[in-house]
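> predicted model and sequence below, questions to follow.
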Amino acid sequence: MKDNKTITGARAGAIYLLDQVLGEQHRLMSELQGFGALDGLDPADRARANRLALDTLRGLERADRMLAKYLRKPPPLTVKNALRVGTVELCAGEAAHGVVNAMVGLVGADRATAGLKGLVNAVLRKIAAEGPEAWNALRVPRLPDWLRGPLIDAWGTPAVNAMEAAHFAGAPLDLTLKPAATVEIPGAELLPTGSLRLAQPGQITALPGYDSGDWWVQDAAAALPARILDAQPGERVLDLCAAPGGKTMQLAAAGAEVTALDLSDQRLKRLQANLVRTGLSAQVVVGDALEHQGQYDAVLLDAPCSATGTIRRHPDLPHARVGDEIGGLIELQSQMLAHAWTLVRPGGRLVYCTCSLIPDEGEVQVEEALAAYPDMRADRAALGLPGVHPQWLTEEGGLRLRPDYWPERGGMDGFYIACLRKSG
Ligand SMILES: C[S@@+](CC[C@H](N)C(=O)[O-])C[C@H]1O[C@@H](n2cnc3c(N)ncnc32)[C@H](O)[C@@H]1O
């Protein structure tokens with residue numbers, strides 16, 4: 001494993017990221033934002049390294065199938081990752097000599113792997129000869145069994161196949177506009193639920209309206225919980241797990257008096273920066289959702305979860321050890337929902353949501369809460385927003401969103417949302 005300070009170039013950066021994700025089960029976001037991996041690269045190379053790592057993770061199964069024919073025994077992980085990145089680039093139509101020379105150079109530059117230069121050269125030349133045609137003939141990469149099994153139980157095989165196609169396709173960039181914003185973004189599509197979608201966004205900070213804070217990045221599905229909460233000017237609203245603040249900004253932009261609470265000081269710094277850029281305000285509190293006290297007109301609980309609804313944008317997730325943590329998260333969600341309910345005033349409402357595809361983190365939580373609290377009812381009418389398909393409504397009175405919905409538009413994140421009303 002390389003020291004990240006010695007990384008030069010986007011391809012070396014991508015291999016380093018893959019070594020961390022596939023060797024150490026680290027999350028890509030923590031590598032890039034928390035640990036500062038690739039800080040030595042210029043911004044363009046860092047962005048390209050990230051893109052290459054994401055493309056390789058999305059196509060990992062295909063790359064491994066193509067490589068398996070030419071590898072009699074598995075090479076060290078970092079060499080395998082160089083071969084994987086090379087395969088993905090070659091099968092996306094990159095010029096063979098550039099890719100092969102670069103990967104041979106990278107493997108040759110490290111004394112620990114230099115002896116495998118010849119292998120890398122020979123294998124990648126064979127892959128180049130097979131090219132995109134062989135790649136496209138392979139099946140859509142599947143989720144690992146720890147996730148595929150439970151998702152098939154919940155949604156059936158055809159739905160999971162469609163989700164996998166959506167994961168493989170990746171995600172466009174969605175923006176939430178401030179209600180009064182009039183910014184025009186070339187090439188943006190207005191989605192039926194009100195978000196703006198960009199298929200080819202380029203550099204986000206260079207888009208019109210970024211500096212003036214007219215919008216923020218937020219998946220179309222992630223924008224629905226705050227729309228469903230429908231905060232009114234002057235209402236006291238608590239955002240219980242708020243950072244980095246996409247939903248806080250929606251609530252504040254609606255004119256509510258927002259308290260934004262989160263356990264993570266670091267993540268709240270990003271929330272503060274987002275509020276500054278967008279010129280919105282909220283009372284920001286570092287604290288534990290399970291201990292916070294008060295009475296609010298409305299509470300938004302975007303509970304910590306497996307985040308399995310975001311795999312289109314985070315293809316490293318199935319490779320991290322999130323599977324082991326889900327039991328603990330389900331317990332935490334149930335405790336948080338119980339405590340959040342005590343913070344809602346009589347006649348008020350709680351919007352519960354998770355970006356998970358696992359019913360135990362969504363439908364089942366709400367079903368159990370409805371059975372446990374006699375003063376709670378599911379407000380189905382609150383879910384009837386423009387663009388919300390009636391088939392997305394669930395039996396217990398929530399809204400199920402999945403990555404395979406809107407396939408013709410580029411999909412959406414997986415989410416579960418319910419609006420729970422307290423008797424007056
Ligand atoms: C799904 S994210 C929230 C995303 C956010 N609502 C948004 O729209 O940008 C879940 C958040 O819960 C926070 N969290 C986890 N445990 C918590 C706790 N016990 N109390 C408060 N926040 C917690 C995490 O720090 C994380 O920021």
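Happy to help now that I have it. Predicted, not measured: the structure shown is a model, and the values here were computed from it. Residues are numbered from 1 along each chain as shown.

> need the residue closest to the centroid of this protein.
Per Cα atoms, centre = their mean, the C-alpha nearest to the average position across the chain is that of Thr310, at 3.3 Å.

> isn't it right up against Leu357?
No: contact status for Thr310 versus Leu357: not in contact, 9.6 Å apart, counting by Cβ atoms under 8 Å. Heads up, the C-betas are built off the backbone N, CA and C, glycines and all.

> tell me, what's touching these two both at once?
Counting by Cβ atoms under 8 Å, 6 or more residues apart in numbering, the residues touching both Thr310 and Leu357 are Gly414.

> quick one: buried residues of stretch 10-27?
When burial is assessed from 16 or more other Cβ atoms under 10 Å, stretch 10-27 yields the following buried residues: 10-22, 26-27.

> report whether it contacts the ligand.
No: counting by Cβ under 6 Å from any ligand atom, no contacts exist between stretch 10-27 and the ligand, the nearest distance being 13.3 Å.

> and that stretch, how far from the chain's centre?
Stretch 10-27 sits 18 Å away from the centroid of its parent chain (Cα atoms, centre = their mean, to the nearest Å).

> per-residue confidence averaged over it?
Confidence over stretch 10-27 (mean pLDDT, whole number) is 93.

> tell me the pLDDT of the residue nearest to Ala112 when sequence neighbours are not counted.
Of all residues not flanking Ala112 in the chain, Pro76 sits nearest, at 7.5 Å (Cβ to Cβ, 6 or more residues apart in numbering). Note on Pro76: pLDDT of 97.

> in contact with Pro76, which residues?
When contacts are counted by Cβ under 8 Å, 6+ apart, Pro76 is found next to Ala112, Thr113, Leu116.

> so the last one sits against Val107, correct?
Yes: contact criterion Cβ under 8 Å: Leu116 and Val107 qualify, at 5.7 Å.

> count of neighbours near the residue in the stretch 51-200 of the chain positioned nearest to the ligand?
Using Cβ to the nearest ligand atom, the closest approach of the stretch 51-200 of the chain to the ligand is made by Thr176 at 10.2 Å. By other Cβ atoms under 10 Å, the residues close to Thr176 number 25.

> secondary structure of it: a strand, I assume?
Yes: with DSSP: H, G, I helix; E, B strand; the rest coil as the criterion, Thr176 is assigned to a strand.

> list the residues that contact the residue lying closest to it once chain neighbours are set aside.
If you skip the residues right next to it in sequence, Thr176 has Gln218 as its closest partner in space, 4.4 Å away by Cβ to Cβ, 6+ apart. Taking Cβ under 8 Å, 6+ apart as the definition of contact, the neighbours of Gln218 are Asp174, Leu175, Thr176, Ser195, Gly246, Gln250.

> following the helix or strand of the chain with the lowest mean pLDDT in sequence, what is the next regular element?
Across the helices and strands of the chain, mean pLDDT, DSSP states H and E gives its lowest value to helix 28-29, namely a mean of 82. The element immediately downstream of helix 28-29 (helix or strand, assigned by DSSP states H and E) is helix 43-58.

> picking up where we left off before, in the sheet, who's paired with the residue of the stretch 51-200 of the chain closest to the ligand?
In this entry, Thr176 is beta-bridged to Trp216, by DSSP bridges.

> isn't it right next to Gly246, touching?
Yes: in terms of Cβ under 8 Å, Thr176 counts as a neighbour of Gly246; the distance is 7.0 Å.

> and the residue of the stretch 51-200 of the chain closest to the ligand, what's its pLDDT?
97.

> just checking, Glu169 touches Arg312?
One thing to correct before we go on: residue 169 is Ala, not Glu. Yes: contact criterion Cβ under 8 Å: Ala169 and Arg312 qualify, at 7.2 Å.

> can you list residues touching both of those two?
The contact lists of Ala169 and Arg312 share Gly411, where a contact means Cβ under 8 Å, 6+ apart.
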